[in-house]
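Undergrad: Attaching a predicted model along with its sequence, questions to come.
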Amino acid sequence: LFNVYAVCFVDMVGYSLVLPLLPQYAAAFGASPFMCGAMVAGYSIMQTLGAPWLGLLSDRYGRRPVLLLSGLGTALGFLLLGFANSAAVVLASRLLDGLTGGNISVCQAYVADVTEDTDRAAALGKVQAAIGLGFALGPALGGTLMAYGLHVPAFTAAAVACLSMTGVYFFVQEAPASQAERPAKPPAVGGALRGLAGVVTSEELRPLYVVRLGFSLGFNGLTSMFSFWAVQHLGISARTNGAVLSFLGLLQVFIQACLMRPLLQRFREEVLLLAGLASATVGLLLWSQANSLAATVLSMVPCSLGSALAFTNLSSILTKRAGTNVGQALGTAASLDSMTRMVTPFIASWLLARHGPGAPGLFGGLLILMLLPVASYYLLGHSTAPPEAESPPPSPPGQPRVEPQGGSTLYRFR
């Protein structure tokens with residue numbers, strides 16, 4: 001799995017490398033406030049359309065070919081950004097990259113193919129750690145490279161995307177599970193659409209999609225508009241902006257690499273998911289009150305913890321309920337996440353202009369706070385244990401409790 005983690009790392013370096021530069025592109029080409037929002041949301045609009053299909057294609061044709069296709073689209077998008085001479089071309093580059101930008105969910109599906117249920121959340125946590133490490137390096141590198149010209153980071157990101165494709169071609173083998181489950185004949189368009197509809201309407205998966213959609217809608221105001229918010233509210237430079245985003249990435253790496261496995265040994269994934277929602281709520285409310293760089297950085301700690309716990313455990317639970325449609329299910333989840341990123345830049349920019357710098361964080365924090373009881377009902381009120389699972393015999397006080405595979409105990413120890 002190291003090669004898959006490396007692909008996630010390299011991909012995220014390329015993606016995050018240009019994030020601190022979007023405000024500079026907007027200023028250089030005189031983009032309107034609407035166009036600024038479109039530059040951020042355009043990627044997500046196309047990813048909403050493309051991610052489920054990439055997941056479906058990976059279920060039918062294999063993970064490796066789809067990873068290569070996605071990398072090619074990313075490289076072409078960054079090349080277009082490097083040659084951009086207007087805001088419209090910048091927007092076009094984001095649209096192209098977004099359409100083929102579903103490689104992370106395909107990597108997650110690959111990990112799900114080759115891991116057991118008991119190890120899956122920890123393995124997916126390593127995917128998130130690789131993403132966080134790439135997110136730590138990318139913005140700082142982009143802010144540094146901008147000193148040599150606005151287009152230099154884009155060309156560098158294109159080269160990084162080509163490096164990722166090279167790694168996939170030479171070092172990533174097709175997952176045996178996806179090969180075994182692949183049908184002999186890919187479905188027609190109508191069959192594919194029915195398959196996607198079946199995943200979305202599944203009674204097992206629908207509650208998870210509700211939680212994913214609500215959390216993303218509340219949290220993505222921070223992730224999608226932070227660069228614009230920081231420049232406008234704190235007046236920081238692109239380099240400082242990149243440093244703050246890098247700090248967020250390093251926090252993600254620490255949480256996934258050092259905290260996730262010990263937490264998973266003690267608590268169920270459903271409990272950690274709810275803890276992530278609560279932590280993100282606290283972080284977003286703190287962010288809404290931040291008036292300095294130090295206060296902003298402090299608010300990022302619970303935000304990062306909440307994001308790591310929520311997304312990792314939600315993805316793991318989703319793969320265990322998706323059956324043979326893991327790529328499709330993860331692609332649909334990525335599509336829902338992208339759907340929220342279509343609207344949150346416009347919501348956040350409107351709140352920022354109309355109600356002040358604290359409004360985006362307050363909106364997100366309160367929305368996730370309202371989601372908590374709904375998520376608790378779905379996750380704790382409906383056990384994922386199989387019907388035949390039996391309750392274990394009581395253990396002496398202070399001794400580890402022995403539970404069956406998939407048991408509904410919230411805590412590993414009593």
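TA: Received, thanks.

Undergrad: okay, and for the stretch 251-400 of the chain, where does confidence drop off?
TA: Applying pLDDT under 70 to the stretch 251-400 of the chain picks out residues 324, 381-400.

Undergrad: Could you export stretch 9-26 as CSV, keeping only the C-alpha atoms?
TA: Coordinates of each C-alpha in stretch 9-26 appear next as CSV, following Å, rounded to 0.1, in the frame of the first residue of the first chain:
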residue,chain,number,x,y,z
PHE,A,9,0.8,12.4,-1.3
VAL,A,10,2.0,13.5,-4.7
ASP,A,11,-1.5,14.3,-6.0
MET,A,12,-2.3,16.5,-2.9
VAL,A,13,1.0,18.4,-3.3
GLY,A,14,0.0,19.3,-6.8
TYR,A,15,-3.6,20.2,-5.9
SER,A,16,-2.7,22.3,-2.8
LEU,A,17,0.3,24.0,-4.4
VAL,A,18,-2.0,26.4,-6.3
LEU,A,19,-4.6,27.0,-3.5
PRO,A,20,-2.8,30.1,-2.0
LEU,A,21,-2.5,31.6,-5.5
LEU,A,22,-6.1,31.8,-6.5
PRO,A,23,-6.6,35.3,-4.9
GLN,A,24,-3.5,36.5,-6.8
TYR,A,25,-4.9,35.1,-10.1
ALA,A,26,-8.2,36.8,-9.3
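
Undergrad: what does the average pLDDT come to for it?
TA: Average pLDDT, stretch 9-26: 76.

Undergrad: how about residue 242, what does it touch?
TA: Shown in contact with residue 242 (CB atoms under 8 Å, 6 or more residues apart in numbering): 20, 139, 140, 141, 142, 143, 144. Quick note: C-beta positions are derived from backbone N, CA and C, even for glycine.

Undergrad: Next, count neighbours for the nearest residue to it once chain neighbours are set aside.
TA: Nearest residue to residue 242, sequence neighbours excluded (CB to CB, 6 or more residues apart in numbering): residue 143, at 3.2 Å. Residue 143 has 24 neighbours, counted by other CB atoms under 10 Å.

Undergrad: Determine how far whichever strand or helix holds residue 143 lies from the middle of the whole chain.
TA: Element membership of residue 143, judged by DSSP states H and E, is helix 117-145. Taking CA atoms, centre = their mean, to the nearest Å, one finds helix 117-145 lying 10 Å from the centre of the chain it belongs to.

Undergrad: Mind listing what's buried along that helix?
TA: 120-143, 145 (16 or more other CB atoms under 10 Å).

Undergrad: next SSE after it?
TA: Downstream of helix 117-145, the first helix or strand assigned by DSSP H and E is helix 152-171.

Undergrad: Who are the packing partners of that following helix?
TA: Contact analysis of helix 152-171 by 3 or more CB pairs under 8 Å, 6 or more residues apart in numbering; DSSP states H and E lists helix 2-17, helix 63-82, helix 117-145 as its packing neighbours.

Undergrad: what angle do the first one and helix 152-171 make?
TA: Using axes from the mean of the first three to the mean of the last three CA atoms, to 10 degrees, the interaxial angle of helix 2-17 with respect to helix 152-171 works out to 170 degrees.
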